Structure formats: C-alpha cells, structure tokens
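> Structure here, sequence nowhere to be found:
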C-alpha cells in the first residue's frame, strides 16, 4: 500500500504523447514496402515480441534476433530497423511542458509512469534527462506491469511515498486516466500543453500551500502503428 503522509501535492506524468511528442513516422509502412511484405505484416509477425518487450520478458538482444528471424533481415537491416523504431518511440521533446515541470521541482512531488519498451530508460535519460526531471520513474518493462493495471499506479505511489488523493495523473490515454481516478487520484487527459499546465497549476494550488505557481521557464536541455504500443493495455 502507498505510504500515508502529509498532504504534499504530487504530479505523475506519462511520457509518450505527453512529455514526448510521438507522431507516427510511417517507418513500419516503409519497411513493409522495402521487404515486399503485405500491409500489417510487421505487426502480425512482431506483436508478441512488442508485448514481451513492454513488460521486460525479452532483452534488447532478443528483440533484435527475433526481428531478424521473423522479417528476414540481415545484420545491417536489423540495426536500421531498430533505429527507425527508436526514432519514432523517442519522438521529440515537449519543450513547453518539460520547462513547466522543471519549474515545479521543490513545489511538489514528481514522478513518471510509463508503458515502455526494453531499452527505453537509457535512451530517454540520454536524450531528455528524465531521470533528473522527476524523483521516480516507473517503467513497465522494468516492473512487468502496464497501465491501466492498478498495480502500476500502486508502484509509483509507493515509490514516491504519497497518497493517491494527493496526486494528479497526466496521460494522453483516457483508459489510463480513468484507471487513476478509480484509485482515488485526480486525472487529466493530456490534449495539449495549455490545458495540462492549467490543470497542474490548479492541483498544486489546491493540494499545496496556495502560493504563487512557478512560471514556465527556459528549457536548457535538448531533447505506433506496427511497433511497440505505448497506449492503454499493450
């Protein structure tokens, strides 16, 4: 059970579609055309590997081996295939939201809860510094539990040592937001920076001390169909 304590405001965020902007790059379609495969063939052949990678049941090396064997790729093609996967997975930084969250440090507790893929922590730390942005990151490929499973939420609450009722959860998947609300958390469906910043600010005011909210500041840090699924239950 999550620890109880003082009513310190807490904000927990999703990564893909919120802290990262991850539009479909079309990489899977390009590979299917390049390999002469029917549309949907990559998903059909790789779906169980993607699912296993999301909960840490395969290693990165095993993902590479399975992609090569199932799609008929040579070593060079396998590396290029995985590079394209990670390009879409990592997307680009949501600079405005990241800057705002940095301004919240010291004002509230901060965490990340992500449906992820094996290898994500190292790449996202190197690209975006998420490990320095928040106190706790819970990745599904490390815990074996995907959102919207309540155990995923219990894990992040427990590691932060906060109460569900003191937390706002921000995610771009409605099923995950509803799951958080069912556990007593507040929830915000991410549909854009302006709405998210307004909702987070209101939460910090209501749950915290009512002081002046941090303003978004400069961001000094740089920053799928057929591929691993970061939405809902993957």
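Arrived safely, thanks for sending. Here the structure is a predicted model, which means the values were calculated and not measured.
> how about the helices in this protein?
Assigned helices in the chain, in chain order: 27-35, 41-54, 60-71, 75-90, 95-104, 120-128, 130-133, 140-143, 150-160, 174-182, 193-207 (criterion: DSSP state H).
> Mean pLDDT, mean neighbour count and distance to residue 168 for the ones you listed - can I get that in JSON lines?
From N, CA and C alone the C-beta is placed, and that goes for glycine too. Listed next are the helices of the chain as JSON lines, based on pLDDT from 0 to 100; neighbours: other C-beta atoms under 10 Å; distance: least, C-beta to C-beta, whole Å:
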{"stretch": "helix 27-35", "mean pLDDT": "98", "mean neighbour count": "16", "distance to residue 168": "33"}
{"stretch": "helix 41-54", "mean pLDDT": "98", "mean neighbour count": "19", "distance to residue 168": "25"}
{"stretch": "helix 60-71", "mean pLDDT": "98", "mean neighbour count": "16", "distance to residue 168": "33"}
{"stretch": "helix 75-90", "mean pLDDT": "98", "mean neighbour count": "16", "distance to residue 168": "25"}
{"stretch": "helix 95-104", "mean pLDDT": "97", "mean neighbour count": "20", "distance to residue 168": "11"}
{"stretch": "helix 120-128", "mean pLDDT": "97", "mean neighbour count": "17", "distance to residue 168": "21"}
{"stretch": "helix 130-133", "mean pLDDT": "96", "mean neighbour count": "18", "distance to residue 168": "16"}
{"stretch": "helix 140-143", "mean pLDDT": "98", "mean neighbour count": "20", "distance to residue 168": "20"}
{"stretch": "helix 150-160", "mean pLDDT": "98", "mean neighbour count": "20", "distance to residue 168": "12"}
{"stretch": "helix 174-182", "mean pLDDT": "98", "mean neighbour count": "18", "distance to residue 168": "9"}
{"stretch": "helix 193-207", "mean pLDDT": "95", "mean neighbour count": "17", "distance to residue 168": "4"}
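> Please name whichever of those is nearest to residue 226.
Nearest to residue 226, of all the helices of the chain, is helix 27-35, at 2.9 Å by C-beta to C-beta.
> Could you list the residues in contact with the closest one?
37-43, 71-73, 81, 84-85, 87-88, 224-227 (C-beta atoms under 8 Å, 6 or more residues apart in numbering).
> run the last query once more with 7 Å
Identification of contacts with helix 27-35 by C-beta atoms under 7 Å, 6 or more residues apart in numbering yields 39, 41-42, 71-72, 81, 84-85, 87-88, 225-227.
> List the contacts of the closest residue to residue 138 other than its chain neighbours.
Sequence neighbours aside, residue 156 is the residue nearest to residue 138 in space, at 4.4 Å (criterion: C-beta to C-beta, 6 or more residues apart in numbering). The neighbourhood of residue 156, defined by C-beta under 7 Å, 6+ apart, consists of 12, 111, 113, 136, 138.
> how about the second one, what does it touch?
Residues in contact with residue 111, defined by C-beta under 7 Å, 6+ apart, are 12, 134, 135, 136, 156, 160.
> separation between it and residue 52?
Residue 111 sits 25 Å away from residue 52, going by C-beta to C-beta, to the nearest Å.
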